[in-house]
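> please work out how this folds:
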Amino acid sequence: MKALQHQIVYFAVTCIPLIISCLAFLVYWSEFISSFLETDVAHQYFDFIIIGGGSAGSVLANRLSEVDRFKVLLIEAGGAPSFLSSIPSLTAHLQLSPYDWQHLTEPQEKACGAMVGKRCRWPSGKMLGGSSGLNYMLYVRGNQGDYDSWAEQGNSGWSFKDVLKYFRKAERSEVAESDNISYGFNGILPVTDSVYVTPLAGDILEMAKDNGFAVGDMNGANQTGFMVPQVNHRDGLRADTYRTYLRQAKHRSNLVILKNTRVLNVLIENGEAVGVKYSRYGKENTVRCRKEVILSAGTVGSPKILMLSGVGPSSQLQKLGIRVVRDLPVGKNLQDHLTSMLGPFMINKPISFDPSRFLSVKTFYDFLFSGEGPATTVGVDAMGFLHSGLSEKSEDRPDIQLMFMSSWILADYWTFIWRTFGLDGPRLWKGYFQQLYTPKTMNAVSILPIILRPKSRGEVRLASANPWSNPLIDPKYFSHPDDLALLVKAMEKTVQLVNNSDHLKQHGYDLPNIHMPGCEEYELFSSDYWTCYVMQISLTMYHPVGTCKMAPDRTGVVDYKLKVKGVKGLRVVDASVMPTIVSGNTNAATIMIAEKAADMIKDEWPAKTRRVGRDRGRREEL
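As a prediction, this is how the structure comes out:
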């Protein structure tokens with residue numbers, strides 16, 4: 001009976017990525033057919049053209065179209081996501097689908113050793129909602145010191161005191177038990193407690209208390225401590241910026257949404273952005289603007305489009321035959337949160353997340369009618385923020401984040417998840433995971449130790465002047481030795497916390513006595529072994545930032561108003577403007593940036609602001 005159940009679940013999890021991709025293609029073709037009935041925007045004038053309908057772009061489209069005299073065009077390379085993308089438990093299967101740009105890094109010298117060609121995969125959302133429709137929905141503001149640091153670097157108006165009101169403006173907090181009085185309650189973005197965690201969550205928090213850590217809400221004044229995740233959910237479904245901000249605004253008569261459209265470059269005439277050139281369904285056209293072009297294409301997309309438009313490092317552009325409009329360090333300062341997969345920790349009870357136990361009628365019933373149950377899981381039971389002790393200790397500036405996952409890489413029976421990391425599957429299967437695989441003992445979890453403020457800096461470059469070519473992404477992981485030392489310390493500290501906890505050890509929580517392939521020469525679980533391990537299993541947390549840096553000096557691409565230096569009518573509004581990465585998941589900070597940018601833009605182009613009613617005018621969504 002157990003073997004039959006295993007085969008049924010194996011078949012189901014194998015089919016999920018295929019179903020998601022097929023549905024995405026059906027939506028694409030329906031949008032293509034409907035495009036013949038839509039108004040042609042080519043050669044029209046808009047007040048604002050927003051490039052990218054992701055976490056920031058969707059927010060901007062909503063906020064700018066609140067001004068009914070503003071005519072706004074939102075251009076998105078992808079289409080509308082299907083209902084399946086809103087089911088939290090299917091999040092991993094959105095990667096490598098048509099909803100994902102499927103970026104690959106350049107081969108890494110000191111990291112990604114277990115990946116094919118030493119290249120890490122970098123998922124990025126290619127749909128309305130962008131990466132907020134692809135991520136794990138965790139809501140983390142970051143540390144207050146992150147934003148104070150931005151202001152100290154010369155970016156006026158970006159201290160935590162300045163940006164807090166924009167977090168609050170976005171938030172519609174539904175957190176049940178929190179003493180955090182700084183939350184907003186009337187915003188658009190739902191912030192809720194995680195609907196489903198495994199029974200291990202409680203023991204993780206008890207372990208934290210035993211070690212003197214605070215347990216509560218780490219989005220408040222003091223970030224150090226542990227918590228059950230807060231998430232962007234509505235009724236158990238993903239609440240990304242498409243389903244919150246953009247759906248609320250898309251019926252407005254002054255907002256046009258152009259889907260499945262690739263921007264080729266920004267039109268810059270006499271030092272001023274006047275429009276964009278784009279390709280849609282095989283046809284190239286231009287559209288022009290009266291006020292501003294706003295780039296919200298993300299940390300990879302925004303620098304790529306800027307460089308294709310002649311804004312970037314002059315030496316690189318000249319080599320590619322691109323006319324230089326403005327020499328700026330576009331693509332530099334790339335930062336990312338790096339982690340490693342610590343585990344599996346083998347569990348001696350059937351209490352971790354296992355699809356074979358939850359693929360049932362009750363699971364579907366709970367999800368469809370109550371928005372509850374295992375289908376709503378984000379895969380994280382608890383998270384913690386703590387200090388490594390490697391640098392000068394500051395209680396309110398932790399440098400490590402821990403994510404206690406509710407399952408492990410074999411939870412889908414080695415069908416798909418390993419592919420999303422770009423792992424060399426045959427090598428790792430034969431050398432490691434095959435020894436752990438049996439349908440009778442699939443209970444295990446992993447922990448992700450994350451370095452919060454990496455010192456390594458990478459870059460994004462153009463491969464050619466062809467806008468259809470993939471950019472070259474080189475995060476240069478571990479190029480600064482302190483990052484490697486910090487991640488090794490995080491691994492050791494996490495193992496120590498687990499091994500010293502009776503609350504966790506009652507469930508087993510044992511690491512297998514097997515060497516990771518490539519690290520056989522080192523003593524198991526020694527510092528040298530963990531050093532080798534993290535250089536083999538190097539994973540992105542999907543948090544790239546910084547490639548269009550906000551700074552007043554020559555290292556900056558945009559100023560504190562997010563205007564591209566030396567080019568009129570051109571701004572960048574997305575995670576690429578962050579001078580330094582925030583201490584936590586980056587989606588909340590990206591939405592805050594867009595909320596603040598919308599107010600700065602409205603202040604620059606003053607008008608009487610009034611929300612346009614949902615039923616006013618005909619719907620115009622292309």
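
> and for Leu37, the neighbour number?
Neighbourhood size, Leu37 [other Cβ atoms under 10 Å]: 7. No exception for glycine: its C-beta is placed from N, CA and C like everyone else's.

> quick one: average pLDDT of the host helix or strand of Thr286?
In the assignment (DSSP states H and E), Thr286 maps to strand 283-295. Per-region confidence: strand 283-295 scores 97 on mean pLDDT.

> who are the packing partners of that strand?
Secondary-structure packing of strand 283-295 (3 or more Cβ pairs under 8 Å, 6 or more residues apart in numbering; DSSP states H and E): strand 45-51, strand 261-269, strand 272-280, helix 298-308, strand 570-572, helix 587-604.

> mind redoing it with 10 Å?
strand 45-51, helix 55-64, strand 72-75, strand 261-269, strand 272-280, helix 298-308, strand 570-572, helix 587-604 (3 or more Cβ pairs under 10 Å, 6 or more residues apart in numbering; DSSP states H and E).

> for the chain, what helix or strand is lowest in average pLDDT?
Ranking every helix and strand in the chain by mean pLDDT, DSSP states H and E puts helix 355-358 at the bottom, with a mean of 75.

> which stretches in the stretch 351-500 of the chain count as strands?
With strands called from DSSP state E, counting those that start in this stretch, the stretch 351-500 of the chain shows them at 380-386, 400-405, 444-451, 459-461, 472-474.

> ok, the fourth one: who's next to it in the sheet?
So that's strand 459-461. strand 472-474 (antiparallel) (DSSP bridges).

> centre of the chain to the strand it pairs with, how far?
On the basis of Cα atoms, centre = their mean, to the nearest Å, strand 472-474 sits 17 Å off its chain's mean C-alpha point.

> got it, and stretch 205-222?
Put simply, stretch 205-222 sits 25 Å off its chain's centre (Cα atoms, centre = their mean).

> can you name every helix or strand that the least confident helix or strand of the chain contacts?
Using 3+ Cβ pairs under 10 Å, 6+ apart, the elements in contact with helix 355-358 are helix 2-34, helix 361-370.

> in a markdown table, list those helices along with mean pLDDT and distance to Cys519.
Listed next are the helices and strands packed on helix 355-358 as a markdown table, based on pLDDT from 0 to 100; distance: least, Cβ to Cβ, whole Å:
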| stretch | mean pLDDT | distance to Cys519 |
| --- | --- | --- |
| helix 2-34 | 86 | 29 |
| helix 361-370 | 87 | 38 |
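
> which one of these lies nearest to Gly54?
With distances scored as Cβ to Cβ, the stretch of the helices and strands packed on helix 355-358 nearest to Gly54 is helix 2-34 (16.5 Å).

> which parts of that closest one are buried?
Under the neighbour-count criterion of 16 or more other Cβ atoms under 10 Å, helix 2-34 has 6, 9-10, 12-13, 16-17, 20-21, 23-24, 27-28, 31 buried.

> got the angle for that helix vs strand 272-280?
Put simply, helix 2-34 runs at 120 degrees to strand 272-280, going by axes from the mean of the first three to the mean of the last three Cα atoms, to 10 degrees.

> counting contacts, what elements does helix 2-34 pack onto?
helix 355-358, helix 417-420.

> report the distance from it to the chain centre.
23 Å.

> where does the protein have low pLDDT?
1-6, 177-180, 393-395, 439-441, 607-622 (pLDDT under 70).

> ok, now with 50
For the chain, the stretches flagged by pLDDT under 50 are 609-622.

> residue contacts, Ala214?
Ala208, Gly220, Asn222, Gln223, Thr224, Gly225, Phe226, Met227, Gly384, Phe385, Glu395 (Cβ atoms under 10 Å, 6 or more residues apart in numbering).

> now, which of those residues sits nearest Asn500?
Ala208 (12.0 Å).

> what about that closest one, neighbour count?
Counted with other Cβ under 10 Å, the neighbours of Ala208 add up to 23.

> residue contacts, it?
For Ala208, the contacting residues are 214-215, 225-227, 382, 384, 386, 402, 404, 497, 501, 503, by Cβ under 10 Å, 6+ apart.

> return the set of buried residues in the strand or helix carrying it.
Using DSSP H and E, Ala208 falls within helix 200-210. Going by neighbour count (16+ other Cβ under 10 Å), the buried part of helix 200-210 is Leu200, Ala201, Asp203, Ile204, Leu205, Glu206, Met207, Ala208.

> and Gly184, helix, strand or coil?
Each residue gets one of three states, and Gly184 gets coil by DSSP: H, G, I helix; E, B strand; the rest coil.

> chain center to stretch 438-454, what's the gap?
Distance, centroid of stretch 438-454 to centroid of chain: 19 Å (Cα atoms, centre = their mean).

> around the closest residue to Ser149 other than its chain neighbours, how many other residues sit close by?
Excluding its sequence neighbours, the residue lying closest to Ser149 (Cβ to Cβ, 6 or more residues apart in numbering) is Thr580, at 6.2 Å. Neighbour count of Thr580, defined by other Cβ under 10 Å: 18.

> check the one 10 residues further on too.
Residues near Thr590, counting by other Cβ under 10 Å, number 30.

> ok, Ser469 next?
Neighbour count for Ser469, taken as other Cβ under 10 Å: 12.

> tell me the spacing between it and Val460.
The gap separating Ser469 from Val460 is 13 Å, by Cβ to Cβ, to the nearest Å.

> quick check: neighbours shared by these two?
Lys304.

> identify the residue spatially nearest to Gln153, adjacent ones excluded.
Nearest non-adjacent residue to Gln153, counting by Cβ to Cβ, 6+ apart: Pro579, 5.5 Å away.

> tell me the SS of Ile514?
coil.

> so how far is Asp412 from it?
Noted for Ile514: a distance of 20 Å to Asp412, by Cβ to Cβ.

> of these two, who's got more company?
Asp412 (21 against 13).

> got a list of what the nearest residue to that one once chain neighbours are set aside touches?
Distance criterion Cβ to Cβ, 6+ apart; nearest residue to Asp412, sequence neighbours excluded, is Val13 at 4.6 Å. Counting by Cβ under 10 Å, 6+ apart, Val13 makes contact with Ala92, His93, Pro355, Ser356, Leu359, Ala411, Asp412, Tyr413, Trp414, Thr415, Phe416, Ile417.

> contact partners for the nearest residue to the fifth one once chain neighbours are set aside?
In space, and not counting its chain neighbours, Leu359 is closest to Val9: 5.7 Å by Cβ to Cβ, 6+ apart. The neighbourhood of Val9, defined by Cβ under 10 Å, 6+ apart, consists of Asp354, Pro355, Ser356, Arg357, Phe358, Leu359, Asp412, Tyr413, Thr415, Pro439, Met442.

> so which pair among the residues you listed is furthest apart in space?
For the contacts of Val9, the maximum inter-member distance is 17.0 Å, found between Arg357 and Thr415 (Cβ to Cβ).

> looking at the two, which has the bigger crowd around it?
Shown here are Arg357 and Thr415; by other Cβ under 10 Å, Thr415 has more neighbours (19 against 16).

> quick one: that one from Ile409, how far?
Distance of Thr415 to Ile409, computed by Cβ to Cβ: 11 Å.

> perfect, I'm done here.
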